[in-house]
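> model the following, please.
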Amino acid sequence: AGAGLARATRGAGRVVTSAGVGLPPQHLRAFCEGLLLASYDPPRSGTGEGPRPAAEVVELLGVDEGPALSRAVVAARATWRTRDLASTPSSTKDPAWVADQARALAADLPGVEVEVLDAAGLARQGFGGLLAVGGGSVTPPCLVTVRYRPPAGTAPRRHVVLVGKGITFDSGGLSIKPRDAMIPMKTDMAGAAVVLAAVLGAAEMELPQPVTALLPLAENAFGGGSYRPGDVVRVHGGTTVEIANTDAEGRMVLADALHHADASLEPDLLVDVATLTGAASLGLGKRHAALYTDDAPLLEQLRSASEATGERVWRMPLVEDYAYALDSDVADLRHVAAKGGPGAGSITAALFLREFTGSRRWAHLDIAGPGRADRDEHEVTKGATGFGARLLLRWLEDGAV
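This next block holds a predicted model:
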């Protein structure tokens, strides 16, 4: 209903509505989130005027300001931030630009620190996946760490680490994509945008939950330094990976970041978010993300947050019988199944990522389908949708235990 009101009143200077009167807090919040989310327009350049803007002011009659409204604003802002970052053209958006955006967005938030590890630092610390994927581009990779620590005196909570795939453009590398498949690839860093927006939202809400976001950022281009099919890459921690397809680059940068999280950050809960596989989109379409975890409490928490935000997830199995697809004759692991393997590309990708999570409680969210939309629908806007930002933020609000 909120989204419907936003779309019906575009171009208005002021809108007054009594639609919120008598709504319980959770419904009022949903109404306001829908109103704000459907008001979004992507950033534009050029001389054209673009679509009619959203109403300048919306006045809710008979509604008191309170947590429902303030948290609706923070949640919608998280989605807007994700959409803005993912919608920015790759001619502007390289890894260094995303890192600068993280610094700027976090600058005035108490309890938030940003650290950027450049290509030289990645080499010193053994982030071979990021360096391999980014090696063909003139814009070097980096790893951004965004830490939020609650105000002093807050009762200790579990430490959550969020990892987001940050491929600022994906050509496929030497395993080059078809032309049409490249067009939306500016959004291939949506996972990184989601986890950044979630940790900033946690800080704005002053949640008692310590949260760290890892953004492994690279451009998957092709050039003299490109990694090749048949290469063996040593990722963070020393595991060697046989490369079968340079267009499966997301799992390589995530392998680095997930192992770093396990080895150095002591997470109690570890969640990664990525526009990872076309297989997830083929299986579940454009409105459900594929959710992988064998942790029953974590599964139910994420499902509950999904139901609250309307960002739908569907649990997929980590099929142990398919693990043989990761076997390699020349390395510790193969990152893409060989021809004639089990298929199930989203499942085998999740099994690969699991290898780098240690014994941590972990979930993987493949948002390749709902991360992009080809048309407006309710609160979802065409292009980069921002899917996952509100889901993770609601999960953090609810306690993430």
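> who's in contact with residue 184?
By Cβ atoms under 8 Å, 6 or more residues apart in numbering, the contact list for residue 184 reads residue 372. From N, CA and C alone the C-beta is placed, and that goes for glycine too.
> for it, which three-state class applies?
Here residue 184 is recorded as helix under DSSP: H, G, I helix; E, B strand; the rest coil.
> do residue 323 as well
Put simply, residue 323 is helix when judged by three-state DSSP.
> same thing with residue 48?
coil.
> what is the burial count for the closest residue to residue 295 other than its chain neighbours?
In this structure, residue 295 finds its nearest non-sequential neighbour in residue 361, 4.9 Å apart by Cβ to Cβ, 6 or more residues apart in numbering. Residue crowding around residue 361 was assessed by other Cβ atoms under 10 Å; the count is 17.
> now for the residue nearest to residue 293 when sequence neighbours are not counted, how many residues are close by?
Distance criterion Cβ to Cβ, 6+ apart; nearest residue to residue 293, sequence neighbours excluded, is residue 363 at 3.8 Å. Using other Cβ under 10 Å, residue 363 has 23 other residues around it.
> make residue 1 into 161 and carry on from there
Yep, numbering from 161; the last one is residue 523 now.
> my read is that residue 523 contacts residue 457, right?
No: with contact defined as Cβ atoms under 8 Å, residue 523 does not count as touching residue 457 (10.7 Å).
> so who does residue 221 touch?
With contacts defined as Cβ under 8 Å, 6+ apart, residue 221 is in contact with 176, 177, 178, 180, 181.
> again, only using 10 Å
Applying Cβ atoms under 10 Å, 6 or more residues apart in numbering to residue 221 gives the contacts 176, 177, 178, 179, 180, 181.
> next one: residue 330
250, 293, 337, 341-342, 344-349, 378-381, 406-407, 409-410, 435.
> got it, and residue 408?
293, 332-333, 335, 380, 436-437, 495-497, 505, 508-509, 512.
> how does it look with 8 Å?
495, 496, 509.
> quick one: neighbours of the last one, just the number.
Around residue 509 sit 27 other residues, with neighbours defined as other Cβ under 10 Å.
> assign it to helix, strand or coil.
Counting by three-state DSSP, the backbone at residue 509 sits in helix.
> buried sites along stretch 454-470?
By neighbour count with 16 or more other Cβ atoms under 10 Å, stretch 454-470 contains the buried residues 458, 459, 461, 462, 463, 465, 466, 468, 469, 470.
> now it: mean pLDDT?
Averaged over stretch 454-470, pLDDT sits at 97.
> and the helices in the stretch 311-460 of the chain?
Taking DSSP state H, counting those that start in this stretch to define them, one finds helices in the stretch 311-460 of the chain at 339-342, 350-364, 410-420, 438-444, 456-469.
> those: which one's closest to residue 217?
Of all the helices of the stretch 311-460 of the chain, helix 350-364 sits nearest to residue 217, with 22.0 Å by Cβ to Cβ.
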